[in-house]
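Student: Structure of the sequence below:
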Amino acid sequence: MKKALYGDEGYYKKALIGKDGDFYTSVSTGELFGFTIASAIARSVYANNYPVSIIEIAAQKGYLIVDIVLYLLKYESKAFELLHFFIVEPLQELRIMQQEYIDSKGLGAYITILSEYQHFHLPLFIANELFDSVPCDLVYNNTLAVYDKQHIAFAPLEECPDKPRALEILDLANDFCVHKGEISQETAFLIRKILSFQKDWSFLLFDYGEDYFRNEFSLRFFKQHHVFSFEDFLNNPASFLIHADITYDVVFSYLDRFFMQEHGWRYYYHRQNRALIKMGIIDVFEKVIAHSDVLSKHYIHYSSILKTLLTPSLLGDRFKCALYGSKNIKFLRNFI
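Tutor: From the prediction side, this is the model:
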């Protein structure tokens, strides 16, 4: 999975995301998602002098952080002046695309793109659909999936090529009573990599998932807005690897362990539509459509985005929002 998504010929080096691509996200629906996050950031800056650094992870082309900056520039200029904006992107191909998009919006002087994590001053990390694409292993009744010669088989520990690593995966599965499903050791590595540099940090994330493991495979593949199951993949793995997005349900109780290991805490968790409402999406919508006729393209554009983000059958219930942060930042309870 790591090679298929992030390797030399990996999917994310050429991924098409959005309405004309393989799949779309909350960011793809339009600016209102980022505007709402920006509004919550501004309120926190005024009330708590926090955050100072805004860092997007898994930014794809940079749409989200650009939307955040544009909203702050137009509606919350005092907060904007106190903030610094970053993208961390390991893939050079994506850094080039991000820089081109940021420059096209005239924001090249405001957003810095980095290839590696570093210490940030009072950071808020933001990630939309990050953890559902972190490489994982597949566990089934104390065996692990092994890929060999374009076939998948489940192997017991003694037959796994890397036995120490396999043992760690199976131990994690047993800790969470997972008999069937996805276990991502890479998730622990990523959280540690991001937060080991930080002090007084917060992490706002949006992902498809649930609070607990369901003991079933949720692995799925997206190609041209079609969803393919794990069974489809088993029939022809080569047709999906490097050619499709690979994703699975995020388990937030699993994330809890690794954020707590970095002296963090989960301050908020709920459906994405409820979180956006609490963050003020209706007020933001009213602000951006002020003085617009209900038949105008401007009004229809933002009304469509609002409907997609809040309707349960679309993106509203399917995605979750979670806010993690250092245990000593008590005011994070009021961020959402």
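Student: mind listing the strands for the stretch 1-150 of the chain?
Tutor: 53-57, 84-88, 111-114, 123-128, 137-140, 143-148 (DSSP state E, counting those that start in this stretch).
Student: between those strands, which one is nearest to Glu158?
Tutor: strand 143-148 (10.4 Å; C-beta to C-beta). All C-beta spots, glycine's among them, are computed from the backbone N, C-alpha and C.
Student: Which is the succeeding secondary structure element to that closest one?
Tutor: Next helix or strand after strand 143-148 toward the C-terminus (DSSP states H and E): strand 151-155.
Student: Would you indicate which residues of the next helix-or-strand element following that following strand are buried?
Tutor: Next helix or strand after strand 151-155 toward the C-terminus (DSSP H and E): helix 163-175. Buried residues in helix 163-175, counting neighbours by 16 or more other C-beta atoms under 10 Å, are found at 166, 169-170, 172-173.
Student: just stretch 175-192 next, same as before
Tutor: The neighbour-count check on stretch 175-192 (16+ other C-beta under 10 Å) flags 176, 178, 181-184, 186-188, 190-191 as buried.
Student: Can I get it in PDB? Just the C-alpha atoms.
Tutor: The C-alpha coordinates for stretch 175-192 follow below in PDB (Å, rounded to 0.1, in the frame of the first residue of the first chain):
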ATOM      1  CA  ASP A 175      -4.600  -4.900  22.100                       C
ATOM      2  CA  PHE A 176      -7.700  -3.600  20.300                       C
ATOM      3  CA  CYS A 177      -9.400  -7.000  20.000                       C
ATOM      4  CA  VAL A 178      -9.200  -6.900  16.200                       C
ATOM      5  CA  HIS A 179      -9.800 -10.300  14.600                       C
ATOM      6  CA  LYS A 180     -10.500  -8.900  11.100                       C
ATOM      7  CA  GLY A 181      -9.700  -5.500   9.800                       C
ATOM      8  CA  GLU A 182      -7.000  -2.900   9.100                       C
ATOM      9  CA  ILE A 183      -4.100  -2.100  11.500                       C
ATOM     10  CA  SER A 184      -1.800   0.700  10.700                       C
ATOM     11  CA  GLN A 185       1.600   0.800  12.400                       C
ATOM     12  CA  GLU A 186       2.400   3.700  10.100                       C
ATOM     13  CA  THR A 187      -0.200   5.800  11.900                       C
ATOM     14  CA  ALA A 188       1.800   5.700  15.100                       C
ATOM     15  CA  PHE A 189       5.000   6.600  13.200                       C
ATOM     16  CA  LEU A 190       3.400   9.600  11.500                       C
ATOM     17  CA  ILE A 191       1.900  11.100  14.600                       C
ATOM     18  CA  ARG A 192       5.200  10.700  16.500                       C
END
